[in-house]
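# Give the three-dimensional model of this entry:
(2 chains)
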Protein chains: 2
Amino acid sequence: MEQSKIIQVTESIFSENERVAKVLRQKFADSGVLVLNLVSSPGSGKTTILERTAADLKSELNMAVIEGDQQTSNDADRIARTGVAAVQINTMAGCHLDAPMVEKALESFDLDNLDVLFIENVGNLVCPAEFDLGEDFRVLALSVTEGEDKPIKYPVMFMSAQAILINKIDLVPILGFNMDECNDYIKRVNSQAKLFELSARSGEGMENWYQWLRQAVRTKKAGKK
Amino acid sequence: MEQSKIIQVTESIFSENERVAKVLRQKFADSGVLVLNLVSSPGSGKTTILERTAADLKSELNMAVIEGDQQTSNDADRIARTGVAAVQINTMAGCHLDAPMVEKALESFDLDNLDVLFIENVGNLVCPAEFDLGEDFRVLALSVTEGEDKPIKYPVMFMSAQAILINKIDLVPILGFNMDECNDYIKRVNSQAKLFELSARSGEGMENWYQWLRQAVRTKKAGKK
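Numbering: from 1, shown residues only, chains lettered A, B, ... in the order given. The predicted model follows:
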């Protein structure tokens, strides 16, 4: 009895999220803004990737960032220093962003004037997998410092991503990280995702990510009703 | 209405966990085994810390390990190779271990013959904070690769720990990690926790952790009814 009650309530949380995510997806389609949901473990470098992307592409793309963290506005402050607009959501005890939080944060932006909206989720390789934010693509950042086996240990999140950024590759020689093994593990759970090996610190490999991003922006704009 | 129903169900999940955690705590007290709940982000090095601890202390302490991951038995296999008994729990989509999972895993061990039971939680710096496993101490591992600011961005977990292992200090010079800043952030959210700076890879600083562990085992045994 208790079990079925829990399932019912869980379904109702998910269905409310799905309802709002659908509204968001329509809104993003209407304005032709590309929306990316960035997920990863804490400390994988999502914010550093966004800082560098913002600095390098702000002359050619209009970007904005929604930052999710339990507490602090550190990440939004870091993005704002690049000159790109950023809004911070604090989830307090919460372990993920949900669609209603994103809907609220959108009040800060004029979507029609944006090319790309990045949503940096709470650092958590588990729970954000279950919450659609109306995004076009889910982009997963994996730091080589986390070890090769994360894709098979946290397959739900890895299966849900359309692009995977293997970050901090400047540390590969120091760590003895086995990139082939990691790629094999990723392909075992998700053979479709586009893979990028890069370092947001050194800049190595960032250009491939930018090319993918530019192409995704063009495709999204072309599909605008 | 929906909201109050959710709160009720959440309370019932927590209260069932609390009930089982209390049973476990009594069981651990009766047998005098020290129980540590290890929490961290994915890839912070919990398993490597346990591997090295198992190898270095197995001649003086009887240890066992419960491993929690969404999928794979990689971690239990790694521990078993050191000669220490290990059992793997797979949570599948689940984001944390709970007390009933630990109760079930205990069937594999004779607690009366153990000095220390390590429970390595699912890699997640958020959700495991809410679930008491009947442990004596919660031990948080933070890798320096995750950045200095994690304590203030994920304060709920940092507040809940009695010991914090700052791991991978061999990478500090390469990363330019600011240890003083990190320590300040930890103290801001938790001034009571015992701090250890160590590298499970190089072995630096491990002896301080072992001394704390030996003392905790002695204290636990002395308190056995």
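# Can you tell me how far the residue positioned nearest the centre of chain A is from residue A:164?
Central residue of chain A (C-alpha atoms, centre = their mean): residue A:38, 0.8 Å from the mean position. Separation of residue A:38 from residue A:164 (C-beta to C-beta, to the nearest Å): 11 Å. Where you see a C-beta, it was placed from the backbone N, CA and C, and this is true even at glycine.
# Over to residue A:77?
Taking C-beta to C-beta as the measure, residue A:77 and residue A:164 are separated by 27 Å.
# tell me which parts of chain A are close to chain B?
Within chain A, the positions near chain B by C-beta under 8 Å from any C-beta of the partner chain are A:2, A:5-6, A:9, A:12-13, A:41-43, A:69-72, A:74, A:93-95, A:122-127, A:130, A:143, A:145-147, A:149-150, A:152-156, A:168, A:171, A:174.
# More neighbours: residue A:77 and residue A:164, which one.
residue A:164 (23 against 12; other C-beta atoms under 10 Å in any protein chain shown).
# and that one, bridged to which residues?
Counting by DSSP bridges, residue A:164 is bridged to residue A:140, residue A:195.
# so it makes contact with residue A:183?
No - using C-beta atoms under 8 Å, residue A:164 is not in contact with residue A:183; the gap is 9.5 Å.
# Just the buried ones out of the residues of chain A next to chain B, please.
Buried by 16 or more other C-beta atoms under 10 Å in any protein chain shown: A:9, A:41-43, A:69-72, A:74, A:94-95, A:122-127, A:130, A:143, A:145-147, A:149-150, A:152-156, A:168, A:171, out of these.
# pLDDT below threshold where in chain A?
Along chain A, the parts satisfying pLDDT under 70 run over A:1-10, A:225.
# show me the contacts for residue A:32.
By C-beta atoms under 8 Å, 6 or more residues apart in numbering or on different chains, residue A:32 lies in contact with A:220, A:221, A:223, A:224.
# how about the first one, what does it touch?
When the contact criterion is C-beta under 8 Å, 6+ apart, the partners of residue A:220 are A:32, A:33, A:34, A:136.
# Repeat that for the last one.
Listed by C-beta under 8 Å, 6+ apart, the contact partners of residue A:224 are A:29, A:30, A:31, A:32.
# and what of the second one?
Applying C-beta under 8 Å, 6+ apart, we find residue A:221 in contact with A:32, A:115.
# 10 Å instead, please
Shown in contact with residue A:221 (C-beta atoms under 10 Å, 6 or more residues apart in numbering or on different chains): A:32, A:33, A:34, A:115.
# from those residues, which is closest to residue A:102?
Of all those, residue A:102 sits closest to residue A:33, with 12.5 Å by C-beta to C-beta.
# Apart from its neighbours in sequence, what residue is nearest the closest one?
Spatial nearest neighbour of residue A:33, excluding adjacent residues (C-beta to C-beta, 6 or more residues apart in numbering or on different chains): residue A:114 at 4.6 Å.
# Please report how far that neighbour lies from chain B.
For residue A:114, the distance to chain B equals 26 Å [C-beta to the nearest C-beta, to the nearest Å].
# try residue A:203
Using C-beta to the nearest C-beta, residue A:203 is found at 16 Å from chain B.
# Let me know the secondary structure of the closest residue to that residue other than its chain neighbours.
The shortest distance from residue A:203 to any non-neighbouring residue, by C-beta to C-beta, 6+ apart, is to residue A:52 (6.9 Å). Assigned with DSSP: H, G, I helix; E, B strand; the rest coil, residue A:52 falls in the helix class.
# quick revisit: what is the nearest of the contacts of residue A:220 to chain B?
residue A:136 (24.0 Å; C-beta to the nearest C-beta).
# That closest one: how many residues sit nearby?
21.
# From what I see, it and residue A:213 are in contact.
No - with contact defined as C-beta atoms under 10 Å, residue A:136 does not reach residue A:213; the gap is 11.2 Å.
# Mind listing the strands the helix or strand where residue A:66 lies pairs with, and their directions?
If you go by DSSP states H and E, residue A:66 is part of strand A:63-69. When pairing is defined by DSSP bridges, strand A:63-69 lines up against strand A:85-90 (parallel), strand A:116-120 (parallel).
# what angle do the longest helix along chain A and strand A:116-120 make?
Longest helix of chain A, by residue count under DSSP state H: helix A:2-31. If you take axes from the mean of the first three to the mean of the last three C-alpha atoms, to 10 degrees, helix A:2-31 sits at 160 degrees to strand A:116-120.
# what packs against helix A:2-31?
If you count contacts as 3 or more C-beta pairs under 10 Å, 6 or more residues apart in numbering or on different chains; DSSP states H and E, helix A:2-31 packs onto strand A:34-39, helix A:99-105, helix A:206-222, helix B:2-31.
# at 8 Å instead, please
helix A:99-105, helix B:2-31 (3 or more C-beta pairs under 8 Å, 6 or more residues apart in numbering or on different chains; DSSP states H and E).
# buried ones in it?
Under 16+ other C-beta under 10 Å, the buried positions of helix A:2-31 are A:9, A:17, A:20, A:21, A:24, A:25, A:28, A:29, A:31.
# secondary structure class for residue A:224?
coil.
# burial measure for residue A:90, as a count.
Residues within reach of residue A:90, counting by other C-beta under 10 Å, total 16.
# For it, which non-adjacent residue is spatially closest?
What sits nearest to residue A:90 in space, not counting adjacent residues and going by C-beta to C-beta, 6+ apart, is residue A:71, at 5.5 Å.
# Could you say which helix or strand holds the one you found?
Residue A:71 belongs to no helix or strand when assigned by DSSP H and E.
# For it, which residues are in contact?
Residue A:71 touches A:90, A:92, B:152, B:153, B:154, B:155, counting by C-beta under 8 Å, 6+ apart.
# Phi first, then psi, for it.
phi -150, psi 170 (degrees, to the nearest 10).
# same check, this time on residue A:177
For residue A:177, the backbone dihedrals are phi -70, psi 130 (criterion: degrees, to the nearest 10).
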